[in-house]
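Undergrad: sequence unavailable; structure follows:
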């Protein structure tokens with residue numbers, strides 16, 4: 001079984017506990033300080049948020065101040081961040097006044113269950129069945145990652161064990177405002193629920 005993330009237009013401007021991409025991130029008040037790139041020191045760009053099954057949002061940020069210059073594809077280099085927050089009492093975060101911090105278009109997702117356990121096969125099956133363009137498939141939630149290159153599951157910084165796969169993401173439905181995964185790339189989101197962290201640690205990376 002594969003849970004595909006299918007594009008759903010969203011024109012809302014309020015805080016949300018759902019999976020969304022673009023716009024401003026949602027988080028409880030004072031729970032998050034806008035992350036800075038460890039390499040260039042600039043404010044990161046918010047890419048999107050993923051609702052997990054346990055009352056949690058994973059907020060995804062990536063440096064876009066000098067695309068390709070800060071190793072924003074790497075899970076541990078400091079050019080991206082995944083931040084876990086509780087999915088209640090949410091407010092929209094205010095971005096810093098400088099830097100490439102927001103993607104202007106906000107869009108949502110709906111989950112589509114497919115019997116095929118292979119992400120790529122399920123994706124092609126949905127495209128053929130729906131008659132919709134491939135860009136309408138925004139990725140998958142759960143299941144097994146379909147790596148574009150070699151397997152790169154990150155280890156948790158707290159327990160040093162391989163992290164749990166959460167989602168695989170395509171760049172987006174509109175080439176003019178896609179997430180920058182190197183042109184046709186995919187991102188891979190992970191988390192760890194070990195007791196060594198007060199909240200689930202999370203990481204992400206991308207390949208192309």
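TA: Received the coordinates, thanks. If you're wondering where the values come from, they're calculated on a predicted model, not measured in any experiment.

Undergrad: contacts and neighbour counts: CA atoms only from here.
TA: Noted.

Undergrad: please name the residues that touch the spatially most central residue of the chain.
TA: Central residue of the chain (Cα atoms, centre = their mean): residue 60, 4.9 Å from the mean position. Applying Cα atoms under 8 Å, 6 or more residues apart in numbering, we find residue 60 in contact with 46, 47, 48, 49, 80, 81, 82, 83, 204.

Undergrad: sheet-wise, list the partners of the strand or helix carrying residue 61 with their directions.
TA: Assigning secondary structure by DSSP states H and E places residue 61 in strand 56-62. Using DSSP bridges, the strands paired with strand 56-62 are strand 45-51 (antiparallel), strand 80-86 (antiparallel).

Undergrad: shaky segments in the chain?
TA: 195-200 (pLDDT under 70).

Undergrad: packing partners of the lengthiest strand in the chain?
TA: Across the chain, the longest stretch assigned as strand under DSSP state E is strand 103-114. Helices and strands touching strand 103-114, by 3 or more Cα pairs under 8 Å, 6 or more residues apart in numbering; DSSP states H and E, are strand 2-9, strand 20-23, strand 45-51.

Undergrad: in three-state terms, label residue 168 for me.
TA: What DSSP: H, G, I helix; E, B strand; the rest coil gives for residue 168 is strand.

Undergrad: count the residues that sit near the closest residue to it other than its chain neighbours.
TA: Nearest non-adjacent residue to residue 168, counting by Cα to Cα, 6 or more residues apart in numbering: residue 188, 4.6 Å away. If you count neighbours by other Cα atoms under 10 Å, residue 188 ends up with 25.
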